[in-house]
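Peer 1: Quick one, fold the following:
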Amino acid sequence: MLAHGNLDNWDPALIDALASTRRVVTFDNAGVGGSTGTTPHVIGQMAHDAVAFLTAMEFGQVDILGFSIGSFIAQEIALIRPDLVRRMILASSAPQGAAGMHGWAPEVIGAVGKPETSPEDYLGVFFARSSSSRQAGQEVLRRIYGRTEGRDKPTTWATREAQYDAVCTWGIPNHSLLQRLSGIDRPVFVANGDSDPMILPHYSYLIAGMISQATVKIYPDSAHGFLFQHHAEFAADVEAFLAKPD
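Peer 2: I've put the predicted structure just below:
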């Protein structure tokens with residue numbers, strides 16, 4: 001499982017639901033959280049670092065769930081080392097070179113593109129404006145920060161800047177790069193919230209249009225953190241997808 005942030009940024013309710021039926025391995029990539037090394041400024045090197053982790057763990061083939069920047073890394077893994085991937089879930093994702101992905105919108109930068117972010121900033125990007133979504137967001141925050149001991153090392157500002165550099169480079173408009181996705185010949189489940197301001201949901205359909213075995217689901221009344229807000233439904237959808245015969 002790959003994501004933006006460190007291990008403690010995953011909602012434990014989602015991880016517990018996924019782990020109820022399958023072995024789940026989450027990890028900090030190079031330079032992130034408790035991992036040593038330096039965070040690369042490009043997605044390709046992040047993918048090679050993730051492949052090195054999978055190799056060190058002696059995993060022959062895996063199902064990958066990539067969220068946000070992790071979904072970009074997952075795409076690259078499927079392209080540079082296709083034999084490692086059985087099935088793939090791309091949450092809040094966009095393809096390399098897609099128009100409109102070159103940097104975040106001003107309101108997103110204002111909320112999370114700074115060294116210190118507040119709970120309200122987080123809620124504004126990860127959850128929709130409705131009272132129901134904001135309430136769900138409050139519950140997610142309580143779950144994520146409920147454990148106070150043994151927490152992962154905080155992600156540094158230098159790492160977050162490197163990750164944003166990688167996201168911006170990924171988003172430089174280049175229509176020809178979209179064709180790379182046609183090289184992914186594994187089953188892919190693409191998902192997003194219907195109000196995600198960071199990675200707009202129409203990119204999910206763009207990805208699915210380029211991958212022959214892709215399916216899409218957009219979750220209602222949710223944003224970038226849809227998989228936490230709808231953790232039970234999303235986990236069930238992931239399990240159903242992974243359980244399909246190859």
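Peer 1: Show the contacting residues for residue 169.
Peer 2: 41, 42, 43 (C-beta atoms under 8 Å, 6 or more residues apart in numbering). Placement of C-beta: from N, CA and C, glycine included.
Peer 1: Of those residues, which belong to helices?
Peer 2: residue 43 (DSSP state H).
Peer 1: Counting neighbours, which of the contacts of residue 169 comes out on top?
Peer 2: Highest neighbour count within those: residue 43, with 20 neighbours (other C-beta atoms under 10 Å).
Peer 1: Next up, phi/psi of the residue nearest in space to the middle of the chain, please.
Peer 2: Residue closest to the mean C-alpha point of the chain, counted by C-alpha atoms, centre = their mean, is residue 67 at 1.0 Å. With angles defined as degrees, to the nearest 10, residue 67 sits at phi -120, psi 130.
Peer 1: Quick check, it in contact with residue 92.
Peer 2: Yes: counting by C-beta atoms under 8 Å, residue 92 is a contact partner of residue 67 at 6.0 Å.
Peer 1: Mind listing the shared neighbours of these two?
Peer 2: residue 227.
Peer 1: related to what we said a few turns ago, okay, the contacts of residue 169 in a markdown table with distance to residue 29 and pLDDT next?
Peer 2: Formatted as a markdown table, the contacts of residue 169 follow (distance: C-beta to C-beta, whole Å; pLDDT from 0 to 100):
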| residue | distance to residue 29 | pLDDT |
| --- | --- | --- |
| 41 | 13 | 96 |
| 42 | 13 | 97 |
| 43 | 11 | 97 |
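Peer 1: wait, which of the contacts of residue 169 is closest to residue 138?
Peer 2: residue 43 (32.1 Å; C-beta to C-beta).
Peer 1: Next, the contact list for the closest one, please.
Peer 2: 69, 72, 73, 76, 96, 166, 169, 170.
Peer 1: show me what contacts the fourth one?
Peer 2: Remark: with contacts taken as C-beta under 8 Å, 6+ apart, residue 76 is in contact with 43, 44, 46, 47.
Peer 1: measure the last one to residue 76 for me?
Peer 2: Computed as C-beta to C-beta, to the nearest Å, the residue 47 to residue 76 distance reads 3 Å.
Peer 1: now do the third one
Peer 2: Noted for residue 46: a distance of 8 Å to residue 76, by C-beta to C-beta.
Peer 1: hang on, the earlier thing: by neighbours, which of the contacts of residue 76 wins?
Peer 2: Of all the contacts of residue 76, the highest neighbour tally under other C-beta under 10 Å goes to residue 46, namely 26 neighbours.
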